[in-house]
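Peer 1: Quick one: sequence plus predicted model below, questions after.
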Amino acid sequence: MAEANGNGAGEALAPSLNVMVQYTKDFSFENPNSPRSLAPQDSPPNIAIQVNVNARQIADEDFEVSLLMEGQGGEGENILFKFELNYAGVFRVRGVPQEHVHQVVMIECPRLLFPFGRQIVADAVRAGGFPPLYIDPIDFTALYAQKAAEAQKAQANA
């Protein structure tokens, strides 16, 4: 029979990821050709969206993670709208083996932020006079693997 001493010495901390706070760090929405752009369109506009993730450690267990979302509807002189959103959060990572912390921060944290950023973009586009733009879910695991492969390739070419 195992004995417990009750003081927690030698016990491993269960892995946990806590959202301490989340916030809009920077946001811009432009409707540069209004009111002309608000007229009914013959065809749906070309939508271009780019998403990036940045992270920085701000304390022993705390990380600020930023989800950067940029996009536009239309092209060239026919731009209907543009947006840039930097939506961030502070996350506390505990009990995660050091070799896995980077993956947790770059995959799980943006996965938690994404629905809130997506809603901000949809609401802004709708408030700009257009149907809401609901960005498709993002596979942050695949995005992480892609960035890791690019970094590895760049390192090999250096």
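Peer 2: Done, it's in.
Peer 1: bridging residues for the residue nearest the centre of the chain?
Peer 2: Note on the chain: the residue nearest the mean C-alpha position is residue 67, at 2.9 Å, using Cα atoms, centre = their mean. Under DSSP bridges, the beta-bridge partners of residue 67 are residue 53, residue 87.
Peer 1: The chain should start at 44 in everything you say after this.
Peer 2: Let's use 44 as the start, then, which means that last one is residue 110.
Peer 1: check contacts around it.
Peer 2: Residue 110 is in contact with 94-96, 128-131, 153, 156-157, 160, counting by Cβ atoms under 8 Å, 6 or more residues apart in numbering. The way it works is simple: take the backbone N, C-alpha and C, and place the C-beta from them, glycine included.
Peer 1: State the helix or strand in which residue 169 lies.
Peer 2: helix 152-170 (DSSP states H and E).
Peer 1: Counting by contacts, list what that helix packs against.
Peer 2: strand 59-73, strand 90-100, strand 105-116, strand 124-137, helix 183-200 (3 or more Cβ pairs under 8 Å, 6 or more residues apart in numbering; DSSP states H and E).
Peer 1: With that, I have no additional questions.
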